[in-house]
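Q: requesting a structural model of the entry that follows:
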Amino acid sequence: MRRCVELKLKAYILTVDTAGGSRHSHALGEAARLGLPWQFVEGARIDANSVPPEYSRLLNFLFYRRRMSSGEISVYLGHRQAWQQLLDDRKDYGLILEDDFQVIDEDRLRGAIEDAVSSPGDWDLIKFFDIRSKPVMASTTLGSTKFVCRRCPPNGAVAYLINDRAARALLSRKRIFRPVDEDISRPWEFKLRVWSSERNLVTENSGSLGGSLLEEAREEEEIQQRRNPLRNIIIRNALELCKLISSRKHVDEIKRSVQRIEG
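A: Numbers count the residues shown, from 1 in each chain. I've put the predicted structure just below:
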């Protein structure tokens, strides 16, 4: 990694694991492969029966299809801590990593980071992991790396590059009510330009680290939601319609931005 990039950038690894634990040790090994300055950010530990002040039950009821699990709240607060640490460190960029991240192609990942940092005015957040692919609505090449814009950025917050402007914008939401990757999938709410690497350069490796810390609780909340099918149908359809309308406007803006970059 070029020295000029390292001065502007730091990696932040989110974990609730203890030193010597499987996730902690795994993340140490993966971080060493990247050759970046980094630090662990200890995630919030939320009791299942407590509600932190950052979480709004009312906004969740109005604008999300189900309750957030305590694990999802904990993860979101961990990402917020990482964004705030980036600002406190006065870095221009942060590589945010969850502790089950697994680098697929370290050379391409390092190259993509360098290319993005060398083009600071063209993006706010770049995802290196998407849970599932969606149709590409626009693309751009920065340096030697191709990045794509999808109508709505797919879920997955295992690994992403963020600039300080985006960190401030995301932190401006004082009350959370949906999972962090769901917020990132609605960049128009924060006036952000979110891109993804053309293919995943990082994946998640929870399966070999004891399993997902969120999946069981998330599934339980989904089951609870299905017990009220009428509200589930109404809320889900209304939210999807709003998302579709807003995403179309957002993609049009992205396309115009690409035309300015390349024109």
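Q: list the buried ones in the longest helix anywhere in the chain?
A: The longest helix of the chain (DSSP state H) is helix 229-262. For helix 229-262, burial by neighbour count (16 or more other CB atoms under 10 Å) applies to 235, 243, 247, 250-251, 254, 257-258. Glycine gets a C-beta too; all of them are placed from N, C-alpha and C.
Q: just the helices in the protein please.
A: Counting by DSSP H, the helices of the chain are 3-8, 22-34, 57-63, 70-88, 106-117, 164-171, 180-184, 215-226, 229-262.
Q: so how far is the longest helix of the chain from its chain's centroid?
A: 18 Å (CA atoms, centre = their mean, to the nearest Å).
Q: so which elements touch that helix?
A: strand 136-142, strand 145-150 (3 or more CB pairs under 8 Å, 6 or more residues apart in numbering; DSSP states H and E).
Q: could I get those strands as a markdown table with distance to Gly78, mean neighbour count and mean pLDDT?
A: Putting the helices and strands packed on helix 229-262 into a markdown table (distance: least, CB to CB, whole Å; neighbours: other CB atoms under 10 Å; pLDDT from 0 to 100) gives the following:
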| stretch | distance to Gly78 | mean neighbour count | mean pLDDT |
| --- | --- | --- | --- |
| strand 136-142 | 28 | 16 | 91 |
| strand 145-150 | 25 | 20 | 93 |
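Q: got a markdown table for the ones you listed, with distance to Arg178 too?
A: Converted to a markdown table, these look like this (distance: least, CB to CB, whole Å):
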| stretch | distance to Arg178 |
| --- | --- |
| strand 136-142 | 23 |
| strand 145-150 | 18 |
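Q: quick one: closest of these to Ala44.
A: Counting by CB to CB, Ala44 lies closest to strand 145-150 out of the helices and strands packed on helix 229-262; the figure is 29.5 Å.
Q: please enumerate residues in contact with the closest one?
A: With CB atoms under 8 Å, 6 or more residues apart in numbering as the test, strand 145-150 has contacts from 108, 111-112, 115-116, 123, 126, 130, 133-141, 194-198, 251, 254, 258.
Q: for Tyr12, what are its contacts?
A: Tyr12 touches 38-41, 82, 85-86, 94-97, counting by CB under 8 Å, 6+ apart.
Q: and these, which are buried?
A: 38, 40-41, 82, 85-86, 94-97.
Q: tell me which of those fall in strands.
A: Per DSSP state E, strands hold the following members of these: 38, 40-41, 94-97.
Q: let me have those in JSON lines, extended by pLDDT and distance to Val180.
A: Output for those, formatted as JSON lines (pLDDT from 0 to 100; distance: CB to CB, whole Å):
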{"residue": "Trp38", "pLDDT": "94", "distance to Val180": "20"}
{"residue": "Phe40", "pLDDT": "95", "distance to Val180": "18"}
{"residue": "Val41", "pLDDT": "95", "distance to Val180": "13"}
{"residue": "Gly94", "pLDDT": "98", "distance to Val180": "14"}
{"residue": "Leu95", "pLDDT": "98", "distance to Val180": "16"}
{"residue": "Ile96", "pLDDT": "98", "distance to Val180": "10"}
{"residue": "Leu97", "pLDDT": "98", "distance to Val180": "13"}
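Q: list just the nearest of the residues you listed to Glu30.
A: Using CB to CB, those come closest to Glu30 at Leu97, 7.8 Å.
Q: right, and that closest one touches Ala157 too?
A: No - contact status for Leu97 versus Ala157: not in contact, 9.7 Å apart, counting by CB atoms under 8 Å.
Q: what residue ranges in this structure score low on pLDDT?
A: 1, 3-6, 210-234, 260-263 (pLDDT under 70).
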